[in-house]
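>>> Quick one, fold the following:
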Amino acid sequence: MASSDHPARHCSSQYHYSSTHQCLLLVLGMVLTICCACQHENQIPLYPVQGRVYVDSQPAEGALVVLHALHDNPTNAPQPRGFVDKNAHYQLSTHSRHDGAPVGKYAVTVLWRKQSDEDDPGELLVPRHYLDPKQSGLHATIVAGNNTLKAFHLTSE
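Residues are numbered from 1 along each chain as shown. Have a look, this model is predicted:
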């Protein structure tokens, strides 16, 4: 029997491969755990935020509400956002669905367009100043804990 055909050598070679494979998986698992822990530590805490939007006293169904940070470097800040449902209600999302927003002071914009086909963005249903954080006149303050913002009452004129 050739030495390479010996059952003990075959088993030993297989065990060596298996140990190496297990070691690599262990190292990979540790690296992923460390990366996830670091990423979680660096992530800003988010708090649930909900509210309502009305235009001319009617629910602004389909409108997009966006928060714009008012601190020193708003270009790098997340922009929590949420869509208004048929009951005028919205919940904000920053990284994942309804995960909320970071603590802070924000200017708020509302984009609402008439439903249209893919080629046409649709007619604006609110005046353009509601699209500009410096001109919208809408503000929100997010605190630690659950946040229910005061309803936004917009006009179509």
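>>> which regions of the protein lie under the pLDDT threshold?
The chain contains residues with pLDDT under 70 at 1-42, 72-75.
>>> can you pull out the helices in this structure?
Assigned by DSSP state H, the chain shows helices spanning 7-42.
>>> Which parts of it belong to which domain?
Annotated domains of the chain cover 3-42, 49-154 [automatic domain parsing].
>>> Name whatever forms a beta bridge with residue 67.
Here residue 67 sits in beta bridges with residue 108, going by DSSP bridges.
>>> Could you measure from it over to residue 114?
In this structure, residue 67 lies at 24 Å from residue 114, with C-beta to C-beta, to the nearest Å as the measure. Heads up, the C-betas are built off the backbone N, CA and C, glycines and all.
>>> can you check residue 49 too?
Distance of residue 49 to residue 114, computed by C-beta to C-beta: 26 Å.
>>> Check residue 62 too.
9 Å.
>>> Give me the more crowded residue out of these two.
Each of residue 62 and residue 114 has its neighbours counted (other C-beta atoms under 10 Å); residue 62 has more, 16 against 11.
>>> give me every residue that touches that one.
Contact partners of residue 62, counting by C-beta atoms under 8 Å, 6 or more residues apart in numbering, are 83, 84, 112, 113, 115.
>>> among those, which ones are buried?
84, 112 (16 or more other C-beta atoms under 10 Å).
>>> Closest one to residue 126 out of the contacts of residue 62, please.
Checking these against residue 126 with C-beta to C-beta, the nearest one is residue 112 at 4.9 Å.
>>> Tell me the spacing between that closest one and residue 145.
With distances taken as C-beta to C-beta, residue 112 is found 29 Å from residue 145.
>>> do residue 82 as well
Relative to residue 145, and taking C-beta to C-beta, residue 82 is found at 18 Å.
>>> Compare these two and say which one has the larger neighbour count.
Counted by other C-beta under 10 Å, residue 82 and residue 145 do not tie: residue 82 has more neighbours, with 24 against 8.
>>> What count of nearby residues applies to the nearest residue in space to the more buried one that is not next to it in sequence?
Closest residue to residue 82 apart from its sequence neighbours, by C-beta to C-beta, 6 or more residues apart in numbering: residue 90 at 3.9 Å. Neighbour count of residue 90, defined by other C-beta under 10 Å: 24.
>>> Good, wrapping up.
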